[in-house]
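Novice: just coords:
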C-alpha cells in the first residue's frame, strides 16, 4: 500500500469476510465505495459509533488502486444529513473459534502444499534413479526405488 488519503464518507454497512488464505477481514461499505479493513479494533469502533454516520477514514491504496484499506479513522462521526437506516446496528467481533478455525485452515493448506511439493520432489528423484538403473542395466523393483527417493526427501527435509 503506497498512496494514503483521508476521505469523508457515510458508513452504510460492515461485513465480515474471509480471505482465500483463511484470514478474517471486513468490508466497509460507504457512499464512496467499499473498503477492506484488517484491524479488528477499528471495525468494532466504527461498528459501534459510525454506521449511518459520516466518518473521516484514512485510506491506503495500492499503486494500481485495486486494493483500498481503511487504516484508521478519527473517531468523531457526524450525523448524516439524510435519514439512513441499516439492518446491522453494529459489527459483532469475529468469534474466537472461527479465528482458530481459519488459522487451522491456513495450516492445513500449508501442510497440503508442502506434501505436494515433497511428492513432486520424490517423483523427480525416482525418475532419475530409474534412468541411472537403466544406464547401468540394473533391475530394481520400482517400489524399492520409490522408497529410496522418499527417504532422500525426508532426509533433506530434516536438514532444513
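Specialist: Sure, I can see it. Here the structure is a predicted model, which is why all the values come from computation and not from measurement. Numbering: from 1, shown residues only.

Novice: residue 34 in helix, strand or coil?
Specialist: Secondary structure assignment for residue 34 (DSSP: H, G, I helix; E, B strand; the rest coil): strand.

Novice: give the bridge partners for it, please.
Specialist: On the basis of DSSP bridges, residue 34 is bridged to residue 29.

Novice: so after the least confident helix or strand in the chain by mean pLDDT, what's the next helix or strand?
Specialist: Least confident helix or strand, the chain: strand 78-79 with a mean of 67, by mean pLDDT, DSSP states H and E. Going down the chain from strand 78-79, the next helix or strand is helix 96-135, by DSSP states H and E.

Novice: may I see the buried residues of that next one?
Specialist: Going by neighbour count (16 or more other C-beta atoms under 10 Å), the buried part of helix 96-135 is 102, 121, 122, 125, 126, 129. C-betas here are computed from N, CA, C, even on glycine.

Novice: what's the closest of these to residue 110?
Specialist: residue 102 (12.8 Å; C-beta to C-beta).

Novice: and that closest one, what's its pLDDT?
Specialist: Residue 102 is assigned 53 on the pLDDT scale.

Novice: figure out how far the longest strand seen in the chain is from the centre of its chain.
Specialist: Looking across the chain with DSSP state E, the single longest strand is strand 3-18. Here strand 3-18 is found 19 Å from its chain centre; the criterion is C-alpha atoms, centre = their mean, to the nearest Å.

Novice: report all helices and strands that that strand contacts.
Specialist: Secondary-structure packing of strand 3-18 (3 or more C-beta pairs under 8 Å, 6 or more residues apart in numbering; DSSP states H and E): strand 24-30, helix 40-49, strand 53-61.

Novice: quick one: strands adjacent to that strand?
Specialist: strand 24-30 (antiparallel), strand 53-61 (antiparallel).
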